[in-house]
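S.K.: coords please:
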Amino acid sequence: MLFLSGEDIVRTVSEKELLDRVEETLRSYETRAFVMPLRASLEYGPNTLLLMPCFTESCFGTKLVSLVPGNPEKGLPMINSLMMVNNTETGEPLAVMNGSVLTALRTGAVGGVGVRHLSPPEPHGLGIIGAGVQGFQQARFAAAEGKIDRITVFSRRQDNLSDFVQRLSKALPDLAIEPTDRIEKLLEESQTVIAATTSNDPVLPDDPSQLEGKHFVGIGSYKPTMREFPRALFKLVDRVFVDTEHALEESGDLVTPLKEGWIVRDQVQTLGSLLESGERLDPMQRKTTLFKSVGMALLDVRVGALVIERAKERGIGKHLEL
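M.R.: The predicted structure follows:
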């Protein structure tokens, strides 16, 4: 069995490989050639434990995730995770890996695929809301598509914003990266806006004039009680794109708008079905668009399989005996 640390995972795959694998996975979601239940969730106070299994034809995987919102105040990561991948035919464990890094990279790539297909094709400004791990990865993968020429970052926690901008500037030295304490400033500077927070309340103003004509990506809302987007946004979009239909039950950014009648079920469509349909995307890139991701175990298994494949090719990781 192969053991892969977070550093090992980063060394095995490029951003483009991850973007392409995630897009392939979103497309393959439409075939339903897998078995993936709604992830099991157990809450203990503010903390959450998630169990995410999935079977595919070649391998199956199980990810165990803990989310502790109070950890950043202690200088600890909010998310800790472990991923195991097994051979489907024999059940043999193929690898155990750092699930937190796997999650960070595949989620960043999910947002990047949304930017690839739904945001304006010409160079433009990117707004990142949230200065955590996922805000960092969303910026990296969005920029990898070559559409971004500057980045504005907003965080309600101003104490870590300067450090975040410094790290992001080091990772993306060719881009101008500016912090702001005004969400209105971020919206003025950005045509693509990615929200990566754990907020229970909308992080954007409920003002359609500030939201119209932009591409929004929602990453942070993973519970029915969490919302990042205001009512005004849902009145501007023709459709809401999701990575998985599980989002309809898991995210407050869909649960609340559907319950309140801001959108109807027929307006919600998987991004994979859009990509498989052959529909021209250029008219849509000029509209207000919204892509909401909650993540899914199928992404973890297929990205995990790619990591294992590349790690074996490059002799990365440690072999363990159970």
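
S.K.: could I get the contacting residues of Leu320?
M.R.: Leu320 makes contact with 1-3, 96, according to CB atoms under 8 Å, 6 or more residues apart in numbering. Where C-beta positions appear, they are placed from N, C-alpha and C, glycine not excepted.

S.K.: 10 Å instead?
M.R.: Applying CB atoms under 10 Å, 6 or more residues apart in numbering to Leu320 gives the contacts 1-3, 93, 95-96.

S.K.: with adjacent residues omitted, what lies nearest to Arg310?
M.R.: With sequence-adjacent residues excluded and distances taken as CB to CB, 6 or more residues apart in numbering, Arg310 is closest to Thr12, at 4.1 Å.

S.K.: how far away is that neighbour from Thr25?
M.R.: 17 Å (CB to CB, to the nearest Å).

S.K.: got it, and Arg231?
M.R.: 32 Å.

S.K.: next: Leu204.
M.R.: With distances taken as CB to CB, Leu204 is found 28 Å from Thr25.

S.K.: try Ser209
M.R.: Spatial separation of Ser209 from Thr25 under the definition CB to CB is 37 Å.

S.K.: between these two, which has more neighbouring residues?
M.R.: Thr25 (25 against 8; other CB atoms under 10 Å).

S.K.: kindly write the ChimeraX command that selects the buried subset of the contacts of Leu320.
M.R.: A single ChimeraX command selects the buried members of the contacts of Leu320 (16 or more other CB atoms under 10 Å):
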select :1,2,95,96
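
S.K.: report the buried residues of stretch 159-168.
M.R.: 161, 164-165, 168.

S.K.: please disregard the earlier target; I meant stretch 88-103.
M.R.: 94-103.

S.K.: let's see which of those residues end up in strands.
M.R.: Mapping the buried residues of stretch 88-103 onto strands (DSSP state E) picks out 94-98.

S.K.: could you look up the SS state of Glu279?
M.R.: Look at Glu279: counting by DSSP: H, G, I helix; E, B strand; the rest coil, its state is coil.

S.K.: and it, what does it touch?
M.R.: Counting by CB under 10 Å, 6+ apart, Glu279 has contacts Ser273.

S.K.: tell me how far it lies from Leu271.
M.R.: 12 Å.

S.K.: what's the answer for Pro283, then?
M.R.: Counting by CB to CB, the gap from Pro283 to Leu271 is 16 Å.

S.K.: who has more neighbours, these two?
M.R.: Between Pro283 and Leu271, counting by other CB under 10 Å, Leu271 is the more crowded of the two (24 against 8).

S.K.: which residues touch the residue nearest in space to the middle of the chain?
M.R.: What sits nearest the mean C-alpha location of the chain, by CA atoms, centre = their mean, is Thr107, with 3.2 Å. Thr107 makes contact with 22, 79, 133-134, 137-138, 141, 196, 219, 243, 293-295, 299-300, 303, according to CB under 10 Å, 6+ apart.
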